[in-house]
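Build me a model:
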Amino acid sequence: MAGHQDIGKLLIISGIVIIAAGIALLLSGSTNLSWLFRLPGDIYIKRKNFHFYFPITTGILISILLSLILYLISLLFRR
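As a prediction, the model looks like this:
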């Protein structure tokens with residue numbers, strides 16, 4: 001049942017990463033991270049009665065960071 005132990009380790013590490021990210025967000029304050037959601041390349045259209053925001057660059061950045069974190073976690077489980 002080594003597969004269950006690996007899944008358990010992955011869940012524990014994922015939980016620690018999520019908790020660390022939450023603590024970092026709480027300690028940084030809401031105004032310090034406002035730049036993250038207004039990166040160059042994000043589409044923001046503001047009209048009189050219409051607002052549209054599509055975070056292309058932010059999504060790509062978050063995807064790269066999550067891929068890197070998951071890659072590093074996978075390195076821990078290789079034998």
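
ok now the one helix or strand residue 13 maps to, how far from the chain's centre?
Following DSSP states H and E, one finds residue 13 within helix 2-28. Using C-alpha atoms, centre = their mean, to the nearest Å, the mean C-alpha position of helix 2-28 is found 12 Å from that of the whole chain.

who are the neighbours of it, in terms of helices and strands?
helix 56-77 (3 or more C-beta pairs under 8 Å, 6 or more residues apart in numbering; DSSP states H and E). No exception for glycine: its C-beta is placed from N, CA and C like everyone else's.

related to what we said a few turns ago, the inter-axis angle of the helix holding residue 13 versus helix 56-77?
140 degrees (axes from the mean of the first three to the mean of the last three C-alpha atoms, to 10 degrees).

Downstream of helix 2-28, the next helix or strand is which one?
Note on helix 2-28: by DSSP H and E, the next helix or strand toward the C-terminus is strand 43-46.

Can you give the strand pairings for the helix or strand that comes right after that following strand, parallel or anti for each?
Counting by DSSP H and E, the next helix or strand C-terminal to strand 43-46 is strand 51-54. Strand pairing for strand 51-54, using DSSP bridges, gives strand 43-46 (antiparallel).

average pLDDT across the strand it pairs with?
The predicted model gives strand 43-46 an average pLDDT of 88.

and for that strand, what are the contacting residues?
Under the contact criterion C-beta atoms under 8 Å, 6 or more residues apart in numbering, strand 43-46 has outside partners 38, 51, 52, 53, 54, 55, 56.

From residue 47, how far off is the spatially most central residue of the chain?
Residue closest to the average C-alpha location in the chain (C-alpha atoms, centre = their mean): residue 62, at 4.8 Å. Distance of residue 62 to residue 47, computed by C-beta to C-beta, to the nearest Å: 27 Å.

What residues sit buried inside stretch 46-63?
Neighbour counts over stretch 46-63 (16 or more other C-beta atoms under 10 Å) mark 55, 57, 58 as buried.

Kindly export it (C-alpha atoms) in PDB.
C-alpha atoms of stretch 46-63 as PDB (Å, rounded to 0.1, in the frame of the first residue of the first chain):
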ATOM      1  CA  LYS A  46     -14.300  50.100 -18.600                       C
ATOM      2  CA  ARG A  47     -17.300  51.800 -20.200                       C
ATOM      3  CA  LYS A  48     -20.200  53.800 -18.800                       C
ATOM      4  CA  ASN A  49     -22.300  50.900 -17.700                       C
ATOM      5  CA  PHE A  50     -19.900  48.000 -18.500                       C
ATOM      6  CA  HIS A  51     -16.700  46.600 -16.900                       C
ATOM      7  CA  PHE A  52     -14.800  43.700 -18.300                       C
ATOM      8  CA  TYR A  53     -11.600  42.200 -16.800                       C
ATOM      9  CA  PHE A  54      -9.800  39.300 -18.300                       C
ATOM     10  CA  PRO A  55      -6.500  38.500 -16.400                       C
ATOM     11  CA  ILE A  56      -4.500  36.800 -19.200                       C
ATOM     12  CA  THR A  57      -1.000  37.600 -17.800                       C
ATOM     13  CA  THR A  58      -2.100  37.000 -14.200                       C
ATOM     14  CA  GLY A  59      -3.400  33.600 -15.200                       C
ATOM     15  CA  ILE A  60      -0.200  32.600 -17.000                       C
ATOM     16  CA  LEU A  61       1.900  33.800 -14.000                       C
ATOM     17  CA  ILE A  62      -0.200  31.800 -11.500                       C
ATOM     18  CA  SER A  63      -0.100  28.700 -13.900                       C
END
